[in-house]
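1. give me the fold of what follows.
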Amino acid sequence: MTMKSNEILMCMAGLLCVAGAIYAFKKRSDYERGALSTRFVKIADRRIGKKFRLVFLSDLHGNTFGEGNSLLAQCVKDTFPDAVLMGGDMVTAKAYIPKNFEPFEKLLENLQGINCPV
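-> From the prediction side, this is the model:
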């Protein structure tokens with residue numbers, strides 16, 4: 001095999017590796033965008049006077065979980081929180097993606113009557 005052939009093969013192998021990595025990252029991103037996950041974290045500190053339960057929502061990026069975000073709202077309600085905090089990225093605002101506030105609005109509607117500040 002000539003030196004030129006080796007360089008071409010190495011270049012092709014490198015391109016194949018890069019393409020595979022891009023594909024894997026895209027698949028993982030697609031999965032994360034559609035996955036609803038909950039995590040329970042217990043924080044103990046003597047300076048905190050009483051027990052309370054918070055729900056922290058973030059990075060929804062306009063995604064929905066159940067019709068009108070009903071599944072997400074039910075998950076929140078099932079934890080019986082003392083407050084619901086929303087950290088950001090509830091809606092994706094990029095020039096190439098149309099802004100859609102409906103999923104977030106539906107979530108807020110479904111959280112009405114939860115008996116805690118949202």
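
2. in the protein, what helix or strand scores lowest on average pLDDT?
-> Lowest on mean pLDDT, DSSP states H and E among the helices and strands of the chain sits helix 3-34, with a mean of 74.

3. what sits up against stretch 109-118?
-> The contact list for stretch 109-118, computed with Cβ atoms under 8 Å, 6 or more residues apart in numbering, reads 68-70, 72-74, 76-77, 81-84, 86, 108. In this view, the C-beta of every residue, glycine as well, is placed from N, C-alpha and C.

4. likewise stretch 58-67?
-> When contacts are defined by Cβ under 8 Å, 6+ apart, stretch 58-67 is touched by residues 33-34, 36, 71-75, 86-92, 100, 103-104, 106-107.

5. buried residues in it?
-> L60, G62, N63, T64, F65 (16 or more other Cβ atoms under 10 Å).

6. mind checking the end-to-end distance for it?
-> 19 Å (Cα to Cα, to the nearest Å).

7. so where do the strands sit in this structure?
-> 54-58, 83-88 (DSSP state E).

8. report the rounded mean pLDDT for stretch 51-70.
-> For stretch 51-70, the mean per-residue pLDDT is 85.

9. max pairwise distance over the buried residues of stretch 58-67: which two?
-> With Cβ to Cβ as the measure, no two of the buried residues of stretch 58-67 lie farther apart than G62 and F65, at 11.6 Å.

10. what about D89, neighbour count?
-> D89: 13 surrounding residues under other Cβ atoms under 10 Å.

11. excluding chain neighbours, what is closest to it?
-> D59 (4.5 Å; Cβ to Cβ, 6 or more residues apart in numbering).

12. against K27, how distant is the one you found?
-> D59 sits 18 Å away from K27, going by Cβ to Cβ, to the nearest Å.

13. nearest residue to K77 other than its sequence neighbours?
-> I114 (5.8 Å).

14. give me the phi and psi for that neighbour.
-> Per-residue torsions, I114: phi -80, psi -10 (degrees, to the nearest 10).

15. just the pLDDT at it, thanks.
-> Note for I114: predicted pLDDT of 86.
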